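Engineer: I'll drop the sequence and a predicted model, then ask my questions.
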Amino acid sequence: GAVVSQHPSWVICKSGTSVKIECRSLDFQATTMFWYRQFPKQSLMLMATSNEGSKATYEQGVEKDKFLINHASLTLSTLTVTSAHPEDSSFYICSAVRDRILNEQYFGPGTRLTVT
Amino acid sequence: GENVEQHPSTLSVQEGDSAVIKCTYSDSASNYFPWYKQELGKRPQLIIDIRSNVGEKKDQRIAVTLNKTAKHFSLHITETQPEDSAVYFCAAIGSNDYKLSFGAGTTVTVRA
């Protein structure tokens, strides 16, 4: 099967610090990964598309200087939340695309970020 | 971009009864419609999907129907069981990209 991991699974950080979240496709290569944010009792909201070897594309309203995305290899994308604030506390989920034509994408287990 | 609306937001059913969740989409060129089940604190799990060249698909107790003319699709769960209790999301992929647009979600509670 297709396996996507995320690390860490949960993190608590202080206001003003930065946090890096990793998303890895363990058994397939993914030129495209997506990053979502999910607030309690809400739906998944796409933040950005991570493209291997090129710049990420961000959805409207998402600050690219605050949410830094790096997709340096075909199996790893990272999301860095810079200068975190309590309102950034959320569940961050990535997905990795295995087959674009068949729309096969697989979700990571998510990272719970709490900013104090 | 694609806009997906989902109803109802909550659904409570008696064990053994059926549950139906409906979604509409805006992009007539959308061609892929997955349904996800999400338990608290977990990742969304794909439970069934349908492509635009098919009108209906069934997998055991779960079925999905698609009406391209009306731009709506529905999830049907028959013989519901307590373990079906979760949040269900519909989604659609628009014509120009591979991005999933999600509905707002339906919290399904199956009463024993």
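Structural biologist: Done, it's in.
Engineer: Flag every residue of chain B that's near chain A.
Structural biologist: Selection of chain B residues close to chain A by CB under 8 Å from any CB of the partner chain yields B:32, B:34, B:41-45, B:49, B:89, B:93, B:97-105. Placement of C-beta: from N, CA and C, glycine included.
Engineer: Which elements pack onto whichever strand in chain A runs longest?
Structural biologist: In terms of residue count, the longest strand belonging to chain A (DSSP state E) is strand A:90-99. When contacts are defined as 3 or more CB pairs under 8 Å, 6 or more residues apart in numbering or on different chains; DSSP states H and E, strand A:90-99 packs onto strand A:4-7, strand A:19-25, strand A:32-38, strand A:76-81, strand A:104-107, strand A:111-115.
Engineer: Of all these, which one comes closest to chain B?
Structural biologist: Proximity to chain B (CB to the nearest CB) singles out strand A:104-107 among these, at 4.3 Å.
Engineer: circling back: turn the helices and strands packed on strand A:90-99 into CSV, including mean pLDDT and mean neighbour count.
Structural biologist: Formatted as CSV, these follow (pLDDT from 0 to 100; neighbours: other CB atoms under 10 Å in any protein chain shown):
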stretch, mean pLDDT, mean neighbour count
strand A:4-7, 98, 18
strand A:19-25, 97, 20
strand A:32-38, 96, 23
strand A:76-81, 97, 22
strand A:104-107, 93, 21
strand A:111-115, 98, 18
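Engineer: B:Thr10: which of those is closest?
Structural biologist: strand A:32-38 (17.7 Å; CB to CB).
Engineer: right, quick check: that closest one against chain B, any contact?
Structural biologist: Yes: applying CB under 8 Å from any CB, one finds strand A:32-38 in contact with chain B at A:32, A:34.
Engineer: just how off-centre is that strand within its chain?
Structural biologist: 5 Å (CA atoms, centre = their mean, to the nearest Å).
Engineer: what does stretch A:32-39 give?
Structural biologist: That offset, for stretch A:32-39, works out to 5 Å (CA atoms, centre = their mean).
Engineer: repeat for stretch B:22-32
Structural biologist: Relative to its chain's centre, stretch B:22-32 lies at 12 Å (CA atoms, centre = their mean).
Engineer: Same check on stretch A:48-55?
Structural biologist: When distances are taken as CA atoms, centre = their mean, stretch A:48-55 is centred 11 Å away from the chain's centroid.
Engineer: Could you pull up the mean pLDDT of it?
Structural biologist: Mean pLDDT, computed over stretch A:48-55, is 92.
Engineer: can that stretch be found next to chain B?
Structural biologist: Yes: counting by CB under 8 Å from any CB, chain B has neighbours in stretch A:48-55: A:Thr49.
Engineer: So what would you say the end-to-end distance of that stretch is?
Structural biologist: Start and end residues of stretch A:48-55 are separated by 10 Å (CA to CA, to the nearest Å).
Engineer: Need the residues that contact it.
Structural biologist: Residues outside stretch A:48-55 that contact it (CB atoms under 8 Å, 6 or more residues apart in numbering or on different chains) are A:30-35, A:56-59, A:62, A:64, A:67, A:69-74, A:77, A:94, B:97, B:99.
Engineer: Return the set of buried residues in it.
Structural biologist: By neighbour count on 16 or more other CB atoms under 10 Å in any protein chain shown, the buried set for stretch A:48-55 is A:48-50, A:52.
Engineer: Make CSV from these and add secondary structure to it.
Structural biologist: Output for the buried residues of stretch A:48-55, formatted as CSV (DSSP: H, G, I helix; E, B strand; the rest coil):
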residue, secondary structure
A:Ala48, strand
A:Thr49, strand
A:Ser50, strand
A:Glu52, coil
